[in-house]
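Visitor: Predicted model and sequence below, questions to follow.
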Amino acid sequence: MVIGAGPNGLVAANLLADAGWDVLVLEAQSTPGGAVRSDRELHPDFVHDTFSAFYPLAVASRAMTSLQLEQHGLVWEHAPAVLGHPFGDGQWALLHRDRELTASGLDALHAGDGEAWLDLCRTWDRIGEPLVDALTSPFPPVRAGARLLPGLARSGGLDTVRMMATPVASLGRELFGGPAARLLLAGNAGHADFPLSSPGSGGFGVLMTMLGQTVGFPVPQGGAQALTDALVARFTSLGGRLETGTPVTRVVVRGGAVTGVATRDGERYDAPVVVADVVAPRLFGGLVRKEDLPARVVRGMRDFELDPGTVKVDWALTGAVPWAGAPAPAAAPGTVHVADSVDEMTQTLAQVASGVVPDRPFMLTGQMTTSDASRSPAGTESFWAYTHVPQPGATRSDAGGEVSGRWGHDDLERFADRMQARLETRAPGFGALVAARRVLGPHELEARNANLIGGAVNGGTSQLHQELVFRPVPAMRGRAATGVAGLYLSSASAHPGGGVHGAAGANAARAALWHHRTRLARRRRTP
């Protein structure tokens, strides 16, 4: 039994079906996918990804690539350039999948930064693949770690370890002389909820930047739903069953072991194994009764910290985004980061962490038609932007003086206007191209996916105190087993955290299979 048809739940379901298990997936929403879905509700001619949009981790993680989803209809598309960051007076930092092209552009903006970029790429060549494997393997990552150590030794040893632990704001200054490469690193670190002055932010910035450099930021042809559809098609081809519109309201536990689940309509499904693609506060804060949980898990959840909320705005544009100094169409980026400087990003993310709604939000934006021509009619753009905000109820003030932080309709419209005004400064005439706009705030995102509590998209903070062996609580030691026999956590709340890599689902499935084999072996040995 799998609760939740998000990417982690579907990866787990596929792997269990591969092992010959009879697998049923129960999904609360009417459409599978969790945070990997797309729709046409804003405009019938425009496909918008409802939540996530770009998937470097999906093409870098063995949990996903091993499923060979291309055999089930998935087609990846790439924008001409991976990522752009406008700054200064019409200048652009551009990340291409061709490292020489990236380096040439950076060197033109600041002499010497091109070779520094290639040095970073060479370091990644030595450590990148085993590092990604280590980060997405069950903890401790013994095999991947053994492969990583020689690469670390060849790339500088402790100097490289120190680099990955350095705050990204400091790391950018150490590695590069000009602002362009620093912006690329810091902007990619901003995909998670790290304060840019915090340890670990540098490692995450390098990870995301080098993934962009090596595999790009690909998108599924036709919309994010195509990735989900491929996962479902593979699963059902193996005999797996999926029921949507079936919210699970309780995981039933007897004698310290799972016996099944109950749903909102009163149905009871018996199962000796339950893999839960459910955010930790919901799984351990209601679906499983407190008295059925190990005391150490209950204690640990008292300190569990969500990541910030999110406001996402989708636009149907009648033309291309009129970026000032825009790169030529042959170098148009799919992802564009909007912030004037690393210092501004640092301040903005610190505001969010301290409960202040930012007056100059750092925005991640997606030019989806630039990335995949099927998303909207020729000459138009399916476009979005999102930014992090304090969780509902956690707002202390608004630096712009207009938003209450309750994130109702008026708050969202005022804040979306603020985001659009920021875009207008970098893309004069943007507003005149808007045919339709949709604003999804913390409450709307949660209503469409209950795992996104208050718009938290990563299943809990990505900061170091809640990663690796501490995720989601120290009692679980970074593993999928919950302490309740037969119950495994496979959501983004589990190690290795957020991102569409499927690793949490794969780790949970492997743990379930291993424990099952271990129990059978013990029975055979019992006289």
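Guide: Arrived safely, thanks for sending. Numbering: from 1, shown residues only.

Visitor: got the contact list for Pro179?
Guide: Contacts for Pro179 (Cβ atoms under 8 Å, 6 or more residues apart in numbering) come out as 87-88, 93, 109-110, 341-342. C-beta: built from backbone N, CA, C; applies to glycine.

Visitor: among the residues you listed, who's most crowded?
Guide: Greatest neighbour count in these, by other Cβ atoms under 10 Å, goes to Ala93: 26 neighbours.

Visitor: does that residue really touch His85, like I thought?
Guide: Yes: using Cβ atoms under 8 Å, Ala93 is in contact with His85, at 4.4 Å.

Visitor: Overlap in contacts, those two.
Guide: The contact sets of Ala93 and His85 overlap at 180, 183-184 (Cβ under 8 Å, 6+ apart).

Visitor: Of those residues, which belong to strands?
Guide: Of the shared contacts of Ala93 and His85, none are assigned to strands by DSSP state E.

Visitor: one step back: of the contacts of Pro179, which belong to strands?
Guide: Residues of the contacts of Pro179 located in strands (DSSP E): 87, 93.

Visitor: ok, the contacts of Pro179 vs Met163, which is closest?
Guide: Of all the contacts of Pro179, Val342 has the smallest distance to Met163: 16.8 Å, by Cβ to Cβ.

Visitor: Name the surrounding residues that touch stretch 286-297.
Guide: With Cβ under 8 Å, 6+ apart, stretch 286-297 has contacts from 3, 248-251, 253, 256, 276, 278, 284, 298, 473-476, 482-484, 487.

Visitor: Any of those residues buried? List them.
Guide: Buried by 16 or more other Cβ atoms under 10 Å: 3, 248, 250-251, 253, 276, 278, 284, 298, 473-476, 482-484, 487, out of these.

Visitor: okay if I get the contacts of Pro179 as JSON lines plus pLDDT?
Guide: Formatted as JSON lines, the contacts of Pro179 follow (pLDDT from 0 to 100):
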{"residue": "Phe87", "pLDDT": "97"}
{"residue": "Gly88", "pLDDT": "96"}
{"residue": "Ala93", "pLDDT": "98"}
{"residue": "Leu109", "pLDDT": "98"}
{"residue": "His110", "pLDDT": "98"}
{"residue": "Ser341", "pLDDT": "97"}
{"residue": "Val342", "pLDDT": "97"}
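
Visitor: what's the strand or helix carrying Asp410 in contact with?
Guide: Using DSSP states H and E, Asp410 falls within helix 409-426. With Cβ under 8 Å, 6+ apart as the test, helix 409-426 has contacts from 86, 311, 313, 321, 323-324, 338, 357, 359-361, 363, 365, 385, 387, 389, 400, 402-405, 430-431, 434, 437, 439, 441.

Visitor: what do you get for stretch 322-334?
Guide: By Cβ under 8 Å, 6+ apart, the residues outside stretch 322-334 that reach it are 54, 78-84, 86, 89-92, 94-96, 217, 219, 336, 366-368, 370-371, 426-430, 433.

Visitor: Filter those down to the buried ones.
Guide: Neighbour counting by 16+ other Cβ under 10 Å classes 54, 78-84, 86, 91-92, 94-96, 217, 219, 336, 366-368, 370-371, 426-427, 430, 433 among the contacts of stretch 322-334 as buried.

Visitor: Which of those residues fall within helices?
Guide: Applying DSSP state H to these, the entries found in helices are 368, 370-371, 426.

Visitor: Tell me which two of the residues you listed sit farthest apart.
Guide: Ser371 and Arg426 (18.9 Å).

Visitor: Could you check the helix holding Asp410 and say which residues are buried?
Guide: Buried residues in helix 409-426, counted by 16+ other Cβ under 10 Å: 411-412, 414-416, 418-420, 422-423, 426.

Visitor: for that helix, the distance to its chain's centre please.
Guide: Here the centre of helix 409-426 is set off from its chain's centre by 23 Å, with Cα atoms, centre = their mean, to the nearest Å.

Visitor: Repeat that for stretch 167-185.
Guide: With Cα atoms, centre = their mean, you get 23 Å for stretch 167-185.

Visitor: tell me how far the ends of it are from each other?
Guide: 11 Å (Cα to Cα, to the nearest Å).

Visitor: now swap in stretch 51-62 and tell me
Guide: 23 Å.

Visitor: Next: stretch 294-314.
Guide: The first-to-last residue distance of stretch 294-314 comes to 43 Å (Cα to Cα).

Visitor: Rounded mean pLDDT for that stretch, please.
Guide: Stretch 294-314 carries an average pLDDT of 97.

Visitor: Could you do stretch 137-154 as well?
Guide: The average pLDDT within stretch 137-154 is 85.

Visitor: Could you do stretch 346-353 as well?
Guide: Stretch 346-353 carries an average pLDDT of 95.

Visitor: ok, now stretch 481-489?
Guide: 97.

Visitor: Pull the residues that contact that stretch.
Guide: By Cβ under 8 Å, 6+ apart, stretch 481-489 touches 251, 253, 256-258, 271-276, 278, 280, 283-284, 288, 292-294, 296-297, 472, 475-476, 480, 504, 508-509, 511-512, 515.

Visitor: List phi and psi for Asp133.
Guide: phi -60, psi -40 (degrees, to the nearest 10).

Visitor: per-residue confidence for it?
Guide: The model reports Asp133 with a pLDDT of 91.

Visitor: Hmm, Gly151 and it touching each other?
Guide: No: counting by Cβ under 8 Å, Asp133 stays clear of Gly151, with 11.2 Å between them.

Visitor: could I get the helix holding Asp410 in CSV with only the CA atoms?
Guide: Presented in CSV, the C-alpha positions along helix 409-426 are these (Å, rounded to 0.1, in the frame of the first residue of the first chain):
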residue,chain,number,x,y,z
HIS,A,409,-7.1,37.2,-1.5
ASP,A,410,-6.1,40.8,-1.0
ASP,A,411,-2.7,39.9,0.4
LEU,A,412,-2.0,37.7,-2.6
GLU,A,413,-3.1,40.3,-5.2
ARG,A,414,-1.0,43.1,-3.5
PHE,A,415,2.0,40.8,-3.3
ALA,A,416,1.6,39.6,-6.9
ASP,A,417,1.5,43.2,-8.0
ARG,A,418,4.8,43.7,-6.2
MET,A,419,6.3,40.7,-8.0
GLN,A,420,5.0,42.0,-11.3
ALA,A,421,6.4,45.4,-10.7
ARG,A,422,9.8,43.8,-10.1
LEU,A,423,9.5,42.1,-13.4
GLU,A,424,8.6,45.4,-15.1
THR,A,425,11.9,47.0,-14.0
ARG,A,426,13.8,44.2,-15.7
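
Visitor: The helix or strand following that helix - what's its average pLDDT?
Guide: Downstream of helix 409-426, the first helix or strand assigned by DSSP H and E is strand 434-440. Mean per-residue pLDDT for strand 434-440: 98.
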